[in-house]
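Colleague: Got a predicted model here, sequence first, then my questions.
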Amino acid sequence: MGFVIATLSMQSCAAQLKLSVNIGLQPYWGPTGYDHVDYYYLPDIEAYYNVVNHQFIYRDGGRWIFAASLPPRWANYDLVHGYKVVLNGPKPYLHFDEHRVKYAQYKNWNQHQEIIEERHSEPKYQYHWHDDGQHRDDRHDHH
């Protein structure tokens, strides 16, 4: 019995290690301090961003749209200064009604949320995702 528990524990640890770090996939406008992020919720526009797939998820006409960019109605939305809520777990948009209420206080948030781009000189943040669809390694590519 003890062996089975140890095996399950080892499998659980291996699964956690495999999923625990995705800093290199996080966009430059993502908030600092998170080694792993599945999604951001953007309260200002009530939309999500899937970090792994680099897709925005937003409602249009009652359905969820998955797209590489935001729609024209949000063309001027400032991802750098807009507040981002980190959410981990699958399909957070299925809990949209809950998130809309829970994070409403962050709409038009006027306090600074530090982003990855501001800390690009730190080794942890030197390799991250940019909007042009490219990874940047700031140890070799200064912008």
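Modeller: Sure, I can see it.

Colleague: show me where this protein has strands.
Modeller: Assigned by DSSP state E, the strands in the chain fall at 39-42, 47-50, 55-60, 63-67, 85-87, 127-129, 135-137.

Colleague: what angle sits between the fourth one and strand 55-60?
Modeller: I take that to be strand 63-67. Here the directions of strand 63-67 and strand 55-60 differ by 150 degrees (axes from the mean of the first three to the mean of the last three Cα atoms, to 10 degrees).

Colleague: other SSEs contacting strand 63-67?
Modeller: strand 55-60 (3 or more Cβ pairs under 8 Å, 6 or more residues apart in numbering; DSSP states H and E). No exception for glycine: its C-beta is placed from N, CA and C like everyone else's.

Colleague: could you dump the strand it packs on to PDB, C-alpha only?
Modeller: Extracted in PDB, the C-alpha atoms of strand 55-60 (Å, rounded to 0.1, in the frame of the first residue of the first chain):
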ATOM      1  CA  GLN A  55      -5.200  33.700 -28.500                       C
ATOM      2  CA  PHE A  56      -7.700  36.200 -27.200                       C
ATOM      3  CA  ILE A  57     -11.100  34.800 -26.300                       C
ATOM      4  CA  TYR A  58     -14.000  37.300 -26.300                       C
ATOM      5  CA  ARG A  59     -17.800  37.200 -26.800                       C
ATOM      6  CA  ASP A  60     -19.400  38.300 -30.000                       C
END
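
Colleague: Can you give me the buried ones in it?
Modeller: Buried residues in strand 55-60, counted by 16 or more other Cβ atoms under 10 Å: 55-58.

Colleague: got it, and stretch 43-63?
Modeller: Across stretch 43-63, burial judged by 16+ other Cβ under 10 Å covers 43-45, 47-51, 55-58.

Colleague: tell me the pLDDT at Thr32?
Modeller: We have a pLDDT of 92 for Thr32.

Colleague: what does His135 give?
Modeller: In the prediction, the pLDDT value recorded for His135 is 46.

Colleague: Pro27 too?
Modeller: You'll see Pro27 listed with a pLDDT of 91.

Colleague: Return the distance of it relative to Asn50.
Modeller: Noted for Pro27: a distance of 11 Å to Asn50, by Cβ to Cβ, to the nearest Å.
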